[in-house]
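[1] Make a model of this:
(chains A, B and C)
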Amino acid sequence: MELIIAKYNYWIYIMLMMIGFYAMIAKKNLVKKLVGMNIFQTAIILFFVSTASKKGGATIPIIHKGQEIINPAHYMNPLPHVLMLTAIVVMVSTFGVALALAIMIYKKYKTLEEDEIIEILRNRR
Amino acid sequence: MKIFALIAVILTGAALIYSTFDMPDWGDPASPANTHVSPRYIEKTIEETATPNAVTSLLADYRGFDTLGETTVIFTAGIVCIMLLRRYEND
Amino acid sequence: MTRKLENIVIQTVSRLLAPFLQIYALYVIAHGHYSPGGGFQGGCILAASFILLVIAYDINAVKSRMSEKINTLYTGAGVFIYAGIGLLCLLLGANYLDYGILHKILPVGPVKARAMGTLGVEIGVGLAVMAVMVSIFLNIASGGRHEEGAVE
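    Numbering: from 1, shown residues only, chains lettered A, B, ... in the order given. This is a model prediction of the structure:
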């Protein structure tokens, strides 16, 4: 039982990751697959940020004014926040380029369903 | 057809949950992520960079090279969207 | 794909709110040293002020205020400012992106020069992020042809 209490933050984000993963591989519409990819990436970002907290009353990593000796146990770990800022920007860039490609596919094949596009490609030969 | 996807998702989720048994607890102050190099950043950020915000001083000063690559990534995404989609009527 | 939404309340409120959004975005970029914020966050809020005007009015009303050519120049200018500050540190004698050497041309000490270098770099990042967000939104919402209008 204390195993669940000690690690339940990882399990919540793994469930969110699996929801996004199921949407990526089981849905047939292209935009729904992209939304699943977005959910997956958001879950990974939250997973990393949740490893930065410390027990015992740690606060946000902005150092208070006028301190002589700074105790690192009073402040949260700033390194996962920094790495996840980069990951958020990569998420937005990938989503923008993927939507542009979806618009080009719609203009050429007049549909966004995956099996209809495969039918058109198979009948073209 | 969707039942195969459900089985694959459940198997992947079970493998990931099994791998979290070895990870450190939530909020452990002695985990390897909290004791490797980040106490040095928190202690030295005001006397070396005069910036109370540890996240900004890490992002733009200690790890500024990664942020340069980051800005190049978002610049490339903007250029790709213009190149793929933009059409002019009078050509 | 155009249906012009002519609601007087939405248009007036978004026209009144856009300058305050821009000042708040510049505040978030400039106070990145003392409070949560920085370049990426302020750039997104600055882009949100333009996207609000596109949603309330149409694309030509926003393109008369910030043309597409200036927007594309801002994307390059943001990356140029970032790499240019690094090159300036290299020309003055230190390593690339080593802001401590900037105390030779700025009238502050070597520790404060690192904070000034960080501020200059954040301004470049905010400019690049703003221009790319507006450009991606305009191209995807109108499907590439800006004259036919945007999403309703």
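
[2] C-alpha from now on. contacts and neighbour counts both.
    Will do.

[3] in terms of contact, does residue C:111 touch residue B:48 like I think?
    Yes - between residue C:111 and residue B:48 there is a contact at 6.0 Å, judged by C-alpha atoms under 8 Å.

[4] Compare the two (neighbour count), which wins?
    Set residue C:111 next to residue B:48 and count neighbours by other C-alpha atoms under 10 Å in any protein chain shown: residue C:111 wins out with 19 against 16.

[5] In contact with the more buried one, which residues?
    By C-alpha atoms under 8 Å, 6 or more residues apart in numbering or on different chains, the contact set of residue C:111 is B:47-50, C:100.

[6] Please narrow these to those residing in strands.
    Cross-referencing these against strands under DSSP state E gives no overlap.

[7] Can you tell me which of those has the most neighbours?
    residue B:49 leads these on contacts (other C-alpha under 10 Å) with 24 neighbours.

[8] near chain B, which residues of chain C?
    Contact residues (C-alpha under 8 Å from any C-alpha of the partner chain) of chain C with chain B: C:32-38, C:75-76, C:79, C:82-83, C:97, C:99, C:111-112, C:114-115, C:118, C:121-122, C:125, C:128-129, C:132-133, C:135-136, C:139-140, C:143-145.

[9] and the longest helix that chain A contains with chain C, contact?
    Longest helix in chain A by number of residues (criterion: DSSP state H): helix A:79-109. Yes - looking at helix A:79-109 against chain C by C-alpha under 8 Å from any C-alpha, the contacts come from A:96, A:99-100, A:103.

[10] Show me which of those residues is closest to residue C:47.
    Of all the residues of helix A:79-109 next to chain C, residue C:47 sits closest to residue A:96, with 14.9 Å by C-alpha to C-alpha.

[11] got a list of what the closest one touches?
    B:77, B:81, C:136.

[12] Which pLDDT does the model give it?
    Turning to residue A:96, the model gives it a pLDDT of 95.

[13] all helices of the chain, in order?
    As the question left the chain open, I've gone with chain A. For chain A, the helices defined by DSSP H occupy A:2-26, A:30-50, A:79-109, A:114-123.

[14] Oops, wrong one, chain C.
    With DSSP H as the criterion, chain C has helices at C:8-30, C:39-56, C:59-63, C:68-91, C:110-142.

[15] In space, what's closest to the residue of chain B found nearest chain C - neighbours in sequence excluded?
    In chain B, the residue that lies nearest chain C is residue B:86 (4.2 Å; C-alpha to the nearest C-alpha). Leaving out its chain neighbours, the residue that sits closest to residue B:86 by C-alpha to C-alpha, 6 or more residues apart in numbering or on different chains is residue C:144, at 4.2 Å.

[16] tally of neighbours for that neighbour?
    By the criterion of other C-alpha under 10 Å, residue C:144 has 21 neighbours.

[17] check contacts around it.
    By C-alpha under 8 Å, 6+ apart, the contact list for residue C:144 reads B:85-87, C:138.

[18] Show me which residues of chain B are close to chain C?
    With the criterion set to C-alpha under 8 Å from any C-alpha, chain B comes near chain C through B:47-53, B:56-57, B:60-61, B:64-65, B:68, B:71-72, B:74-75, B:77-78, B:81-82, B:85-89.
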